[in-house]
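Trainee: just the structure for this:
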Amino acid sequence: MPLDDLLIHSIGKEDLIQLTKRNTIKILIKTIFGKQWYFNVDPNDTFRLLRIFIQLREGYLSSQIKFLLSGKYVEDDKTIAECNFKNGSVLHLLLKLTG
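Mentor: Numbers count the residues shown, from 1 in each chain. This is a model prediction of the structure:
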């Protein structure tokens with residue numbers, strides 16, 4: 001069962017931590033506020049799934065998260081591999097303002 005399907009079935013934060021994936025790479029996510037986190041991701045994960053990981057881990061609403069790579073917004077349906085991420089690659093996180 002793909003990880004996207006597991007998330008649809010409301011697995012919890014603890015369950016997500018228990019999941020082990022092969023072929024993971026470590027990427028660095030930075031915010032404009034100076035926060036940064038490392039995430040181990042599967043190259044076949046989508047950026048939509050990465051937004052959900054961040055929501056579960058950091059509490060930001062996934063609907064407010066946008067990713068910036070080389071000055072361009074990253075589309076949700078793209079995979080990590082499609083953007084040629086390697087161990088240590090950096091992704092910038094922006095939060096959409098609401099209200």
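Trainee: give me the neighbour count for residue 64.
Mentor: By other CB atoms under 10 Å, 13 other residues sit near residue 64. Heads up, the C-betas are built off the backbone N, CA and C, glycines and all.
Trainee: let me see the backbone angles for it.
Mentor: phi -100, psi -10 (degrees, to the nearest 10).
Trainee: wait, doesn't it sit right on residue 93?
Mentor: No. Using CB atoms under 8 Å, residue 64 makes no contact with residue 93, being 10.0 Å away.
Trainee: chain neighbours aside, what residue packs nearest to the spatially most central residue of the chain?
Mentor: Residue closest to the average C-alpha location in the chain (CA atoms, centre = their mean): residue 50, at 2.0 Å. Take residue 50 and drop its neighbours on the chain: the residue closest to it by CB to CB, 6 or more residues apart in numbering is residue 41, 6.4 Å away.
Trainee: show me the contacts for that neighbour.
Mentor: For residue 41, the contact set (CB atoms under 8 Å, 6 or more residues apart in numbering) comprises 24, 25, 26, 27, 50, 53, 80, 85.
Trainee: how close does it get to residue 97?
Mentor: According to CB to CB, to the nearest Å, residue 41 and residue 97 sit 26 Å apart.
Trainee: for residue 50, see how far away residue 29 is.
Mentor: For residue 29, the distance to residue 50 equals 8 Å [CB to CB].
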